[in-house]
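In: Dropping a prediction and its sequence here:
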Amino acid sequence: MEIFKIAELRKTFKNGDVKEEVLKGVNLTLKEGEITALVGPSGSGKSTLLTIAAGLQPASDGNILFNGHNLTSMTSEEMRSIRAKKFGFVFQFAHLVPFLTVREQLSLMLDVSEVRMKNEKREQEIDYILDCVGLSHRKHAYPSSLSGGEKQRVAIARAVIHKPKVLFADEPTASLDTKKSKEIMSLIQDLTKTLNITTLMVTHDEDMLSFVDHVVKMSDGLVV
Amino acid sequence: MSIAWKEIKKNKMRFFILGSIIFLVSLLTFIISGLANGLSQDNAALIKDLPSGQFYINNDAEDNYNLSRIDHSVQEQVLNEHKNAAALSIQMGFLNDESDKQRSVAFVASTDSKLFESVAPGEIVLDRSLEKDGVKVGDTLTLKPFNEPLVVKDFVDQKKFSHAPVAFLKMEDYKQMYRTEEMQLLFIPGAYETLNFKELQSFSNKEFLNTIPSYSAEQMSLNMIVWFLIVISGMLFGIFFYMMNVQKIGLYGILKAIGVKTGDLFKMMWTQMLCITIISLTLSVGFSQLFKEIAPKDMPYHLTNETTLQLSIVFLVIGFIGATLSGLQIKKVEPLQAIQQGEV
Ligand SMILES: Nc1ncnc2c1ncn2[C@@H]1O[C@H](COP(=O)(O)OP(=O)(O)OP(=O)(O)O)[C@@H](O)[C@H]1O
Ligand SMILES: [Mg+2]
């Protein structure tokens, strides 16, 4: 099933009088439960495409259909609500909240996505996801005491704990070594399969492509 | 769960510093306004403790009650119409005791009224401060320069005018000594409208206080300090939260990206501002009460609960405004900013 459909997407940045067209009519379809990787040379527009699809910046033209809703015509409050409830994010850096413990980061995400559940159930969910990312023993640790790989695993747990429909990941392994990268990729693969999450990710690393279902190549603002 | 409180717990030092600055500034504000109020009590308790109403003096007196002479017929008319009204006169002068020690006092004489002490001819009632000064009931004091002997009948609390203790005189004694037939002032408690007498000029209690020469100068400078301190504390809040927010732009961006409402980020800031302010204010209210106990006895310090409450509310409002103004930048933060800036 096609859950996410990008049609004729354009993005133009204005720098003073200079206009630069970064996306020149991109078409892309994501199938439910599958991982799609965006690859291509630096500056080809991968991050721009991903962030527009994720509702983090507006498109200049074109349509993005998610579950039948057109994201490009939504108000910013509607977009925020979709991001909170239906999307998950992982970026190159973990971007954790420095003053919250691992458990509190996950609890915050459940609050933000307005998932209503009893406290007991909530703790179970948190324990389950921490078990999945292998961090049960670090439940009460603060980000400053975690290693890079551990932080990234917390970020992944935070991105999926509210069971989003779509996971957006921009170079989630770029700050890690090859061995850790593979662990993280296989974690994303496992989690998204178990929770039936559709994934769009950007990567530079050829080694990571073995974990994905589709590879989409971008060049100069177009899918090729 | 409140992430606002968690941030305070994790960054104790930062918030402690803000809290202690607010504590010190508000304590200083409380103490100075206690002193301002104490001084004004010491200066003019006679007038300050009257119920609110209106004072009237002659138009020709040009705001100076000393030059005012109330016409007899006007006085009669007013006193007839207003049961509680009184006509009074105030004269600065001196009393000498038997050893010829001179004390400066404010002589006050009035028509019969509950608001002012009534005395028999040849007697005076004095402010309690003179008792501490060694004057006793039954002493005979001499009013200078008229050399009139007066017997001390009693002492009363908190009757001061122009920083001098008040001496209540019989009206007839006053008229005779100062060789005048007219009183200087009319006071009508509870009156708010101006009476329709062409020759009279009206003052509220507060306005009348300000005609006492030393009063307005004293109060103005102290009140200015108080307001400066309040403005400073508002700016401290503003600057502090501004700097904290600048450091947290990345964090706000990422929180917005995962879908946290901007309103919730403001609530977080307000919660922190409230926590810090309430804790600091509670402490400084406590210390300002303690100061009442330990302040030297002859230091005029008079901090009412009403003033404390008013100032506390002003501090809360100012803190709120400062934090909110500096927090407006939160609204502008784009979720992408954080992600592009790299590690938080
Ligand atoms: N906010 C912006 N303002 C102006 N130009 C921008 C902005 N964001 C991106 N660009 C430009 O758009 C182009 C594509 O950027 P993008 O970040 O999407 O590339 P990318 O494919 O993700 O590259 P990389 O692999 O290096 O991350 C670049 O030329 C970049 O300079
Ligand atoms: Mg990129």
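Out: Okay, I see it. Ligands and ions are numbered 1, 2, ... in the order given.
In: other SSEs contacting the helix or strand hosting residue B:108?
Out: Taking DSSP states H and E as the definition, one finds residue B:108 inside strand B:102-110. Helices and strands touching strand B:102-110, as assessed by 3 or more C-beta pairs under 8 Å, 6 or more residues apart in numbering or on different chains; DSSP states H and E, comprise strand B:86-96, strand B:160-161, strand B:164-169, helix B:171-177. C-beta here means a position set from N, CA and C on the backbone, and glycine is covered the same way.
In: CSV for the ones you listed, including distance to ligand 1, mean pLDDT and mean neighbour count?
Out: Shown next, in CSV, are those (distance: least, C-beta to the nearest ligand atom, whole Å; pLDDT from 0 to 100; neighbours: other C-beta atoms under 10 Å in any protein chain shown):
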stretch, distance to ligand 1, mean pLDDT, mean neighbour count
strand B:86-96, 76, 92, 19
strand B:160-161, 71, 92, 24
strand B:164-169, 75, 94, 25
helix B:171-177, 86, 90, 17
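In: could you dump these to a markdown table with distance to chain A?
Out: What follows is the helices and strands packed on strand B:102-110, written out as a markdown table (distance: least, C-beta to the nearest C-beta, whole Å):
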| stretch | distance to chain A |
| --- | --- |
| strand B:86-96 | 64 |
| strand B:160-161 | 55 |
| strand B:164-169 | 60 |
| helix B:171-177 | 73 |
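In: Residue A:180 is nearest to which of those?
Out: Comparing the helices and strands packed on strand B:102-110 against residue A:180 with C-beta to C-beta, the closest turns out to be strand B:160-161 (80.5 Å).
In: Could you list the residues in contact with that closest one?
Out: Residues from elsewhere that reach strand B:160-161 (C-beta atoms under 8 Å, 6 or more residues apart in numbering or on different chains): B:41-47, B:90, B:106, B:108, B:127, B:129, B:166, B:212.
In: Of those residues, just say which sits nearest to residue B:226.
Out: residue B:41 (16.0 Å).
In: So which residue is smack in the middle of chain A?
Out: For chain A, the residue sitting closest to the mean C-alpha position, by C-alpha atoms, centre = their mean, is residue A:168 at 1.9 Å.
In: Make sure it is indeed in a helix.
Out: No - the assignment for residue A:168 by DSSP: H, G, I helix; E, B strand; the rest coil gives strand, which leaves it out of any helix.
In: What sits closest to it if chain neighbours are left out?
Out: Nearest non-adjacent residue to residue A:168, counting by C-beta to C-beta, 6 or more residues apart in numbering or on different chains: residue A:54, 4.3 Å away.
In: which element is residue A:89 on?
Out: Residue A:89 is located in strand A:87-90, with elements delineated by DSSP H and E.
In: Following element in sequence after that strand, please.
Out: Sequence-wise, the next helix or strand downstream of strand A:87-90 (DSSP H and E) is helix A:102-112.
In: Strands of chain A, start to end?
Out: A:2-15, A:18-31, A:35-39, A:61-66, A:69-70, A:87-90, A:166-170, A:198-202, A:214-219, A:222-223 (DSSP state E).
In: Same list, those strands, but as TSV with mean pLDDT please.
Out: Shown next, in TSV, are the strands of chain A (pLDDT from 0 to 100):
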stretch	mean pLDDT
strand A:2-15	93
strand A:18-31	94
strand A:35-39	95
strand A:61-66	94
strand A:69-70	92
strand A:87-90	94
strand A:166-170	95
strand A:198-202	96
strand A:214-219	94
strand A:222-223	92
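In: among those strands, which is the most enclosed?
Out: strand A:87-90 (a mean of 26; mean count of other C-beta atoms under 10 Å in any protein chain shown).
In: Direction included, what does it pair against?
Out: In its sheet, strand A:87-90 lies beside strand A:166-170 (parallel), with partners assigned from DSSP bridges.
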